[in-house]
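>>> could you look at this predicted model? Sequence included:
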Amino acid sequence: MTDRVDPTPLVQDRAMRMWRAAWLLLVAVPLVGLLGGDPSPGELVAGITGTLVFVVLAATIVWRRSHHGLVSDRHAALCLAGLLTVSGVMTLVADPGFGLFFIYAAAFAGRRFPGKWTLRALVPGIGLAAGLCTLGGGGHPGAALSFGVTAISVGFLLTLMGQLARSNAAA
């Protein structure tokens, strides 16, 4: 008798649906901060548009991974570049609270590219960008430090988890 694998894709799993809902709520946090202030029409349009673009990019990453496994490094790098660009522009133009998006980008970078260069350069660079963009967008130095350190911490953790997952898959 052979073991059968459940054909239900990961995206249909109930727990994953709950995580996606929680993630969408967390992505909306900077929008709430933006709306809580007195944004100009340009900041408001940039905030809403940028959040939607960020969600579409992140959803593309998750959808492609869940349906097709690991995509090419080129595609993943383009998605990461898009996430970082949106994060930077949003943080500088709309509201410094969008520095939170760098944490998501660091998580993606660490999990997708679990190599030494990610630990040595990519994740620290994302953390530095988070802090500098938050300051450049008029954010509090404490918020800049928090976004930077959290991006580095999350990126390092997911890089190490990615290395572990790949070594387990190879064994």
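Arrived safely.
>>> from now on I want contacts and neighbour counts done on CA atoms only, so please keep to that.
Fine.
>>> centre-most residue in this structure?
Nearest to the geometric centre of the chain sits Y104, at 2.0 Å (C-alpha atoms, centre = their mean).
>>> where does that one land on pLDDT?
We note a pLDDT of 93 for Y104 in this prediction.
>>> could you do H68 as well?
At H68, pLDDT is 68.
>>> same question for P9.
At P9, pLDDT is 52.
>>> how many other residues sit next to A170?
Per other C-alpha atoms under 10 Å, the neighbour tally for A170 reads 7.
>>> what's the first helix or strand after the helix or strand in which L83 is found?
Per DSSP states H and E, L83 falls inside helix 73-89. In the C-terminal direction, the helix or strand that comes right after helix 73-89 (DSSP H and E) is helix 100-112.
>>> so what's P39 up against?
Contact analysis of P39 by C-alpha atoms under 8 Å, 6 or more residues apart in numbering lists nothing.
>>> for it, which three-state class applies?
coil (DSSP: H, G, I helix; E, B strand; the rest coil).
>>> tell me how far it lies from R112.
The spacing between P39 and R112, counted by C-alpha to C-alpha, to the nearest Å, is 35 Å.
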